[in-house]
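> How does the following fold in three dimensions:
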Amino acid sequence: MNVYLYFNGNCREVFEFYRSVFGGEFMSLQTFADGPPDMDIPDAYMDAIMHVSLPLGNSMLMGSDSAPGSEVVAGNNFSVVVPAESRDQCDTLFAALSKDGEVTMALQETFWGSYFGSCVDRYGINWMFNLDLSGE
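Okay, the predicted model is just below:
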């Protein structure tokens with residue numbers, strides 16, 4: 001499992017710091033400007049980080065700036081990421097963890113080439129499920 005961190009506009013600064021501490025190179029660094037136009041992101045957010053990933057040993061530290069209109073506070077500033085092995089596994093785990101919780105993004109194919117979804121379990125923990133579709 002991996003950890004995904006959310007920030008209020010300083011994600012780039014934080015991840016540059018983490019890179020200086022742990023070393024290595026970003027596997028991915030995308031701004032909101034890199035997303036599709038139908039995301040309707042205000043111009044002021046275009047340089048904000050939509051996704052960054054920094055390999056740490058066999059794990060991945062990932063993050064992004066919060067979406068426009070949402071504020072990150074301690075307690076909702078992270079997600080546990082499950083790198084799934086199949087759609088069936090994604091569907092099964094997602095259904096179990098979202099039961100009596102809240103689906104924040106239904107499982108679906110995404111523009112970045114994954115089968116992805118997110119939820120909050122009944123205990124308030126944020127979960128993300130990701131299946132890389134490039135091998136299908």
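
> Strands of this protein, start to end?
For the chain, the strands defined by DSSP state E cover 2-7, 28-31, 49-56, 59-65, 78-83, 102-109, 114-120, 126-132.

> What strands line up against the first one, and which way round?
Read that as strand 2-7. With DSSP bridges as the test, strand 2-7 is paired with strand 59-65 (parallel), strand 78-83 (antiparallel).

> Now those in CSV, please, with extra columns for mean pLDDT and mean neighbour count.
Placement of C-beta: from N, CA and C, glycine included. Below are the strands paired with strand 2-7 laid out as CSV (pLDDT from 0 to 100; neighbours: other C-beta atoms under 10 Å):
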stretch, mean pLDDT, mean neighbour count
strand 59-65, 94, 19
strand 78-83, 90, 18
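
> low-confidence ranges in this structure?
Applying pLDDT under 70 to the chain picks out residues 136.

> What is the burial count for Q108?
Using other C-beta atoms under 10 Å, Q108 has 9 other residues around it.

> actually G57, sorry about that
Neighbour tally, G57, other C-beta under 10 Å: 7.

> Can you check the distance spanned by stretch 43-60, start to finish?
Taking C-alpha to C-alpha, to the nearest Å, stretch 43-60 runs 29 Å from one end to the other.

> tell me how far that stretch is from the chain's mean position?
Centroid displacement of stretch 43-60 relative to its chain, using C-alpha atoms, centre = their mean, to the nearest Å, is 8 Å.

> re earlier: among the strands of the chain, which is nearest D40?
strand 49-56 (13.4 Å; C-beta to C-beta).

> Tell me which residues touch M128, please.
By C-beta atoms under 8 Å, 6 or more residues apart in numbering, the contact set of M128 is 4, 79-82, 116-118.

> Looking at those residues, spot the one nearest M60.
For these, the nearest to M60 is V81 (7.7 Å; C-beta to C-beta).

> I'd guessed the closest one sits against N126; true?
No. Contact criterion C-beta atoms under 8 Å: V81 and N126 do not qualify, at 9.6 Å.

> Would you quantify the distance from L97 to L29?
Noted for L97: a distance of 29 Å to L29, by C-beta to C-beta, to the nearest Å.
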